[in-house]
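Peer 1: Predicted coordinates and the sequence they were generated for:
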Amino acid sequence: MKPTLYRYFFNEIWPTFLAGLSVFVFIVVATKMLSIMDMIVGRGVSLLHVGKMVVYLLPDIVGFALPAASLIAVVLAFLRLSVDSEIIALKSSGVSLYQMLPPVVLFSCLGLVVAIAISFFGVPWGNSSFKALIFQIVESKSDLGIKERTFCEPFSKVVFYVNRLSGQNNEMEDVFVTDRRDQSVTNTIIAEKGRISVHPREKVFVLHFQNGTIFVADKDHRSGRTVKFETYDLSIGLKDIMAALASRKKAPKELSAGELIRQLKETPKGETRYNDMIMELMEKVSIPLAVFLMGIIGMPLGAQLQAKGRSAGIGVSLAIFLVYYLCLAGARSICETGFLPPQIGVWIPDLFLLASSIYLLWSVANERSINFLSWILRPPVSART
């Protein structure tokens, strides 16, 4: 009897989980479509590169969506069972709420395993591959990020304004450039024409300017000079290009667990990077644990909502996920300031979920109404009258 019942519950959960996860991933990817279309149409990035970008972003997106998808799947499954009075029939047959818990625990454990795999292996691979791909695109398309009649900073501390830009031969007309890479002086270049050329072997971009003027001012603006030229070449090494992408030092999200532990030993305590790496290492476990706890919370929620409808189930699930996400963002911000140790702060959202799951299970198992649900789902005064 029980294996058949457990299989029945499990088959109610997983299709909704896959559907919910697909919707979440689609929504997140769709929000990035404007920037993706801009890269295709305005910057000449190939569809192959765009497809790779989406693939590299998927682990992070899926990791973000897993807690919400897990919660919604279990809530809707038990909401359907509650609406059809199947839970009442099971309780009448002597099956308690706790006896219905094993298939939910199994599903939540599977979600935990998948989330850990994504967190430990998928996210570092995706983030580092995405960074490498962007750097490759920047290297192959020297005009990336430069737009006509728009101030932009395609190179670190080098601001461009171009009146007219030819994408075919990288030629520019009426060029204004401010170069602040040298901390002692600021160079402002105004030229009639300019062209960008790439020297892959030397890993250098060369900006060729024609018929213009260079205004050189020291950092205090106490002295300066003006230089007129017919031709002038400005060299920019790859290390100056989109500095965050070109940096040899990986961001914490790009590091595997082993690399994080190794770099933590080499980084002085109290530094911002040390706190970031501690948080990233702890979140590799805390966020997958949230997937597990969300699944457990979904069972009493779905059973309690009863005939409130699927829309109410989805709404309450999203509200709980929003509270969890706000707790996570708040804990990150507090830990980054150093006010709260990261080893403690990253577990605050999970403690909230753990307390919620215990309270909800106890309340529903003992046939007690859940106060906050009664308040949230209470009809408006006008509807009651």
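Peer 2: Perfect, I can see it now.

Peer 1: Show me what the longest helix along the chain is packed against.
Peer 2: The residue-count maximum for a helix in the chain (DSSP state H) belongs to helix 47-83. Here helix 47-83 touches helix 2-31, helix 33-41, helix 86-92, helix 101-117, helix 123-140, helix 272-305, helix 310-337, going by 3 or more C-beta pairs under 8 Å, 6 or more residues apart in numbering; DSSP states H and E. No exception for glycine: its C-beta is placed from N, CA and C like everyone else's.

Peer 1: Give me the angle between the first one and helix 101-117.
Peer 2: Relative orientation of helix 2-31 and helix 101-117, computed by axes from the mean of the first three to the mean of the last three C-alpha atoms, to 10 degrees: 40 degrees.

Peer 1: domains of this structure?
Peer 2: Split into domains by automatic domain parsing, the chain comes to 2-138+251-384, 157-240.

Peer 1: Can you tell me which of the helices and strands packed on helix 47-83 is most buried?
Peer 2: helix 272-305 (a mean of 23; mean count of other C-beta atoms under 10 Å).

Peer 1: Please compute how far it lies from its chain's middle.
Peer 2: 15 Å (C-alpha atoms, centre = their mean, to the nearest Å).

Peer 1: Let me have the helices and strands packed on helix 47-83 in CSV, extended by distance to Leu351 and mean pLDDT.
Peer 2: CSV is the format used below for the helices and strands packed on helix 47-83 (distance: least, C-beta to C-beta, whole Å; pLDDT from 0 to 100):
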stretch, distance to Leu351, mean pLDDT
helix 2-31, 24, 87
helix 33-41, 36, 67
helix 86-92, 29, 82
helix 101-117, 17, 93
helix 123-140, 23, 77
helix 272-305, 10, 87
helix 310-337, 9, 83
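
Peer 1: will you turn the domains of the chain into TSV that also has distance to Ile146?
Peer 2: TSV is the format used below for the domains of the chain (distance: least, C-beta to C-beta, whole Å):
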stretch	distance to Ile146
domain 2-138+251-384	9
domain 157-240	5
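
Peer 1: if we can go back for a sec, in the longest helix of the chain, which residues are buried?
Peer 2: 49-50, 52-53, 56-83 (16 or more other C-beta atoms under 10 Å).

Peer 1: Quick one: mean pLDDT over that helix.
Peer 2: Mean pLDDT, helix 47-83: 88.

Peer 1: switch to numbering from 238
Peer 2: Got it, the first residue is 238 from now on, which makes the last one we talked about helix 284-320.

Peer 1: what angle do it and helix 509-542 make?
Peer 2: Using the same axes, to 10 degrees: helix 284-320 against helix 509-542 is 40 degrees.

Peer 1: Phe442: neighbouring residues, count only.
Peer 2: Phe442 is flanked by 22 other residues according to other C-beta atoms under 10 Å.
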